[in-house]
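Student: okay, sequence plus prediction incoming.
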Amino acid sequence: LDIFGFESLERNSLEQICINYTNEMLQQFFVTHLLMFEQAEYLREGLTAQHVQYKDNAECLQLLDSSVGILSLIDEQCQLNRRKSQEKEGDLIARLHSSFTSNGCYFKPKRSDSMFGIRHYAGDVIYSTVNLSQKNKEKG
């Protein structure tokens, strides 16, 4: 299912994180409200229906949106002292890698000096931290 327009471009940044986060939320809503609830209703009513397999994306949503998730970490990084942008990006990628490597939806790409990856329900996406903090400040 791709309701909103999942994006994986040659270079992915804050805009794609926001679009893909929205897609993850829509996917969870769809799965929860249309598939899980309907299948449970069929069972309660004794109807036979083919079980639909779907991927639970709760781990990815937690990675992105928990109080200690990627989006919170990006916001926090923007609020830290005002050093050069490049230094902030180095700090950000180091914090991302150290904070989320144990999450199954996070991965460290081969070229990880300014990149991190997320395993979304629709596929893997590698994001760049170049200018990410600055873009987040402008959006906020």
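Tutor: Looks like it came in fine. Keep in mind the model is a prediction, meaning the values are calculated, not measured.
Student: all the strands of the protein, residue numbers only.
Tutor: 106-107, 115-120, 123-128 (DSSP state E).
Student: tell me where this structure has helices.
Tutor: Taking DSSP state H, the helices of the chain run over residues 14-30, 37-44, 58-65, 70-79, 85-100, 132-139.
Student: these: which one's closest to Pro109?
Tutor: helix 85-100 (10.3 Å; Cβ to Cβ). C-beta: built from backbone N, CA, C; applies to glycine.
Student: tell me which residue is most central in this protein.
Tutor: The chain has Leu64 as the residue nearest its centroid, 4.4 Å off, counting by Cα atoms, centre = their mean.
Student: using CSV, lay out the helices of the chain together with distance to Ile126 and mean pLDDT.
Tutor: As requested, the helices of the chain are exported to CSV (distance: least, Cβ to Cβ, whole Å; pLDDT from 0 to 100):
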stretch, distance to Ile126, mean pLDDT
helix 14-30, 10, 92
helix 37-44, 34, 86
helix 58-65, 15, 96
helix 70-79, 13, 89
helix 85-100, 12, 81
helix 132-139, 13, 77
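Student: make JSON lines from those and add distance to Phe116 to it.
Tutor: Converted to JSON lines, the helices of the chain look like this (distance: least, Cβ to Cβ, whole Å):
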{"stretch": "helix 14-30", "distance to Phe116": "10"}
{"stretch": "helix 37-44", "distance to Phe116": "34"}
{"stretch": "helix 58-65", "distance to Phe116": "11"}
{"stretch": "helix 70-79", "distance to Phe116": "8"}
{"stretch": "helix 85-100", "distance to Phe116": "5"}
{"stretch": "helix 132-139", "distance to Phe116": "10"}
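Student: quick one, which of those helices gets closest to Ser112.
Tutor: Checked against Cβ to Cβ, the stretch from these lying closest is helix 85-100, at 6.7 Å.
Student: what lies in contact with stretch 44-62?
Tutor: 21, 24-25, 27-28, 31, 35, 39, 42, 69, 103-105, 118-121 (Cβ atoms under 8 Å, 6 or more residues apart in numbering).
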